[in-house]
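Colleague: Structure of the sequence below:
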Amino acid sequence: MKSTRQRGFSLIELMVALTIGLILVGGIIAVYLAQVQTYKTTGSQGEIQDEENALAALVTPAVRSAGFLGCSNVALATSNLNPGGSPPLGNLGTVAAMVTGYDYTGTAGSGTTFAIAADNPANDASTGDWSPTLDASLSGDVLPGSDVLVVLGAAPLSSPTSVAAISAGSSNLTVQSAAGITSTPQFAAISDCAKALVFQVTSVAGTTLGHTAGSGALANQTSAFTVNFQPNAQFIPLQQTAFFAAHSANGDSTLMRATLLQGNTWNIQPLVPGVETMQLLYGVGANGVTTQYVPASAVTDWTQVNTVRLGFLLEGQPGSGSAGNNPTTFNVLGTQFTVPADTRLRHVYEMTINVRNS
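Modeller: Residues are numbered from 1 along each chain as shown. Here you go, the predicted structure:
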């Protein structure tokens, strides 16, 4: 009987096969990692584009309509509110500004530099790090390096309505429509073409609005208006809004929108995620003509602000940028920001908004 001998792979053949297999596996892994990187980059580019669209859609209307008080404007307004509130609302009648702001020390543009030490750092509790000194009511709410913008104007989605009846010395008035007064207390203004008065609506009964006196910052000083108005004057709900970048629990620094409440406190809500800093320059000039852009620390008369220029440093998700070719320095309105050497894709977005009622 003839025996048969079975042959397997030789050691050399096995090593060649393993090498070819490893090359194929390595190629597949490389393609997969490249696809993952492309997916992250493309996804973050889309997120950053969404952030830019959100900034334009949510910030622009508030800044553009700043100072709108119906038939009048902030420059012609006085206040029936107790002192002690944040400017401009709490000091209306002396400050008379529709736009105010705070510049973080060392970020005034013109070649200044600032280092962002870590992603989503803790907020800065030292109000003296801003110029002018940040209002104490926002202490600990704003990221280091971020400017703060405060605007006063008509509440969102509101429009002026006529006053149907108003009596001198009365603590209420009747309007054609109470739309826009969703809760009380609510800041508001009554105006004609010669003057305006800022006060607080304390109750709503149909179309009859009460404005009784109260204690504490930003409550009414008196129940009776200190300025006389005739029927057919205009009534408009008001809102003071602040914008700034802040630490966020979701892991990404976020642009916040804060609205002022009675007692000089703020309702702070996240607005746009992925905002590492916000920088501001103010266009100032007489008769509505902007002659120069300056930081808040250089504004000497806030009633002369005609435009606001905003710059944002936006970030993508970790891993969205190439580790070998990822910038760590970005110019935002003249200030050089150094960011952590991580793998986040970043982009600078700037816009200029005209203050319509300047």
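Colleague: pLDDT below threshold where in this protein?
Modeller: Applying pLDDT under 70 to the chain flags residues 1-9, 31-45, 88-96, 322-325.
Colleague: Would you point out which residue is most central in this protein?
Modeller: The centre of the chain sits closest to Phe243, judged by C-alpha atoms, centre = their mean, with a distance of 2.8 Å.
Colleague: what residues are up against the residue lying closest to that one once chain neighbours are set aside?
Modeller: Setting aside the residues directly before and after it, Phe243 is nearest to Leu149 in space (C-beta to C-beta, 6 or more residues apart in numbering), at 4.7 Å. In this view, the C-beta of every residue, glycine as well, is placed from N, C-alpha and C. Counting by C-beta atoms under 8 Å, 6 or more residues apart in numbering, Leu149 touches Val63, Val99, Gly101, Ala242, Phe243, Phe244, Met278, Leu280, Val308, Leu310.
Colleague: Need the nearest residue in space to Lys195, chain neighbours excluded.
Modeller: Nearest to Lys195 is Leu76, by C-beta to C-beta, 6+ apart, at 5.4 Å.
Colleague: For the one you found, the count of nearby residues, please.
Modeller: Leu76 is flanked by 16 other residues according to other C-beta atoms under 10 Å.
Colleague: quick one: the residue nearest to Phe243 from Asp135, how far?
Modeller: For Leu149, the distance to Asp135 (C-beta to C-beta, to the nearest Å) stands at 12 Å.
Colleague: How about Thr208?
Modeller: Thr208 is 34 Å from Asp135, by C-beta to C-beta.
Colleague: Compare these two (neighbour count), which wins?
Modeller: Between Thr208 and Asp135, counting by other C-beta under 10 Å, Asp135 is the more crowded of the two (21 against 14).
Colleague: So for the more buried one, what's the nearest residue that isn't a sequence neighbour?
Modeller: Ser86 (4.6 Å).
Colleague: For the one you found, pull up the helix or strand it's in.
Modeller: Using DSSP states H and E, Ser86 sits in no helix or strand.
Colleague: OK, contacts around it?
Modeller: Taking C-beta under 8 Å, 6+ apart as the test, what Ser86 contacts is Asp135, Ser137, Leu138, Val150, Gln240, Leu260, Asn264.
Colleague: Now flag whichever of these is closest to Gly319.
Modeller: Nearest to Gly319 among the contacts of Ser86, counting by C-beta to C-beta, is Leu138 at 33.5 Å.
Colleague: Counting neighbours, what do you get for that closest one?
Modeller: Leu138, neighbours per other C-beta under 10 Å, totals 22.
Colleague: In contact with it: list those residues for me.
Modeller: Contacts of Leu138 by C-beta under 8 Å, 6+ apart are Ser86, Thr127, Val148, Ala242, Phe244, Ala258, Trp266.
Colleague: Cheers, nothing more for now.
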